[in-house]
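*Asks:* how would this look folded up:
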Amino acid sequence: MMNPQNIKTAIEGKVPSERLKIINGLLDETPEDANLLVARGKVLWSMGRRGEAMSDYTLAAKLDPDGPATLLIEHSNSIMDFFNPDLLNP
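*Replies:* Numbering: from 1, shown residues only. You can find the predicted model right below:
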């Protein structure tokens, strides 16, 4: 399993599409790496691809139940569940 710091160093300073390409390449080598799945989920979320991000978080949580993915799922669900009626009728 890759260290989150190593992942951060590998993708630092890159645009999201380049980050995704790097992480996908690493996942080709180790497809069941929870840290890589979390990293890819974060990149996908930043690109607005929330469904794919949630899928990565869910798989990462299954692989590493004590890892950060469980908390990311909770936070992501809270964000998606947010409803403000004032924003609908300005």
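*Asks:* In terms of helices and strands, where is the residue lying closest to A10 once chain neighbours are set aside?
*Replies:* For A10, the nearest residue in space outside its immediate sequence neighbours is I22; the separation is 5.7 Å by Cβ to Cβ, 6 or more residues apart in numbering. For the C-beta atoms, the positions are set from N, CA and C on the backbone; glycine is no exception. Secondary structure assignment for I22, by DSSP states H and E: helix 16-29.
*Asks:* Could you list the buried residues of the very next helix or strand once past that helix?
*Replies:* Read in the C-terminal direction, the helix or strand following helix 16-29 is helix 34-46, with elements assigned using DSSP H and E. Of the residues in helix 34-46, those buried under the neighbour-count criterion (16 or more other Cβ atoms under 10 Å) are 34-45.
*Asks:* Sketch out the low-pLDDT regions of the protein for me.
*Replies:* Along the chain, segments meeting pLDDT under 70 span 88-90.
*Asks:* V38 is in contact with L63, correct?
*Replies:* No. Counting by Cβ atoms under 8 Å, L63 sits too far from V38 to count as a contact (9.8 Å).
*Asks:* Right, I'll call it a day here.
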